[in-house]
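Chemist: One predicted model, sequence on top.
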Amino acid sequence: MSDRGPKTSANVEMKLKTRRIRVMEGKEAISIFHNDETEDPDQKKDFDLTLHLLDTQTGRGEELECDAVVWATGAGAPLWLRNCDLPLDEQGFVIVSSTLQSPADWRVFAAGDCACFVSDADLASAAAPKERRGLPKAGVYAVREGPIVAENVLRLARALLFGAEDGQEARSVILEPYVPQTTFLALLNTCDGEAISSWHEKSSVAGWVMRLKDYIDRRFMDRFNAALLGPSPVPPR
């Protein structure tokens, strides 16, 4: 939460303390061991699992016994991208320009979590590809990148199908650039009737924030209802 500002971080920490949730910082999860795998009765433990941790500062190993583990890792790049001859950032995401194309191949587009958006100015800079930073992995960017990719693919397809004898003419087609928003509203449901809002450096915790989140979520999902998608197919008899 550090990238969302100090007020948001403080509100999240307050909610965690209220719910008696302990936060362990500077710990790296290494492995999980099922305690019932041992046949020695003297080694039996009270909990089902043992989580092996590594202190990132001291390098010492620790054990944490628990009944369940929820593994929240965040966005990760598919491993097969490493086998593609495309520029990747240090985390393995495909680097794309303002038109969401790979700078190494004009025929390759990428959007959403698999892409690392880099402005044309940054692409032309002397910084190494792996040192460039893309946009946050958030849906507000992905849903706006999709229509840009669709439009640009259609423009290239038209150029290739109608008149382009090779890729030279297609590469000269003017494509739609993607202009990302500078920030976005983040709403975190705290599962107690309230939610935490984060907008620039401002943050609030209240029931009205949860009602706002519910309204935004429902309005977004209503875009994909049956009226928009058409009638459901009739099941076979």
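Modeler: Received the coordinates, thanks.
Chemist: ok, now which ones touch Pro136?
Modeler: Pro136 makes contacts with Asp3, as judged by Cβ atoms under 8 Å, 6 or more residues apart in numbering. To be clear about C-beta, it is placed using only N, CA and C from the backbone, and glycine gets the same treatment.
Chemist: did I read that right, it in a strand?
Modeler: No - residue state for Pro136 (DSSP: H, G, I helix; E, B strand; the rest coil) corresponds to coil; a strand is not indicated.
Chemist: Phi, psi for it please.
Modeler: Here is the backbone geometry of Pro136 (degrees, to the nearest 10): phi -60, psi 150.
Chemist: So in this structure, where's the weakest helix or strand by average pLDDT?
Modeler: Lowest on mean pLDDT, DSSP states H and E among the helices and strands of the chain sits helix 226-229, with a mean of 60.
Chemist: Walk me through the domains of this structure.
Modeler: 22-72, 79-171, 186-224 (automatic domain parsing).
Chemist: can you list those in a markdown table and add distance to Ala10?
Modeler: Shown next, in a markdown table, are these (distance: least, Cβ to Cβ, whole Å):
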| stretch | distance to Ala10 |
| --- | --- |
| domain 22-72 | 13 |
| domain 79-171 | 20 |
| domain 186-224 | 8 |
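Chemist: quick one, what contacts Lys137?
Modeler: So Lys137 contacts Gly74, Ala75, Asp113 (Cβ under 8 Å, 6+ apart).
Chemist: oh sorry, the question was meant for Asp105
Modeler: Leu86.
Chemist: can you pull out the strands in the protein?
Modeler: 27-34, 49-55, 61-66, 94-96, 101-102, 105-109, 115-117, 186-189, 195-199, 202-206 (DSSP state E).
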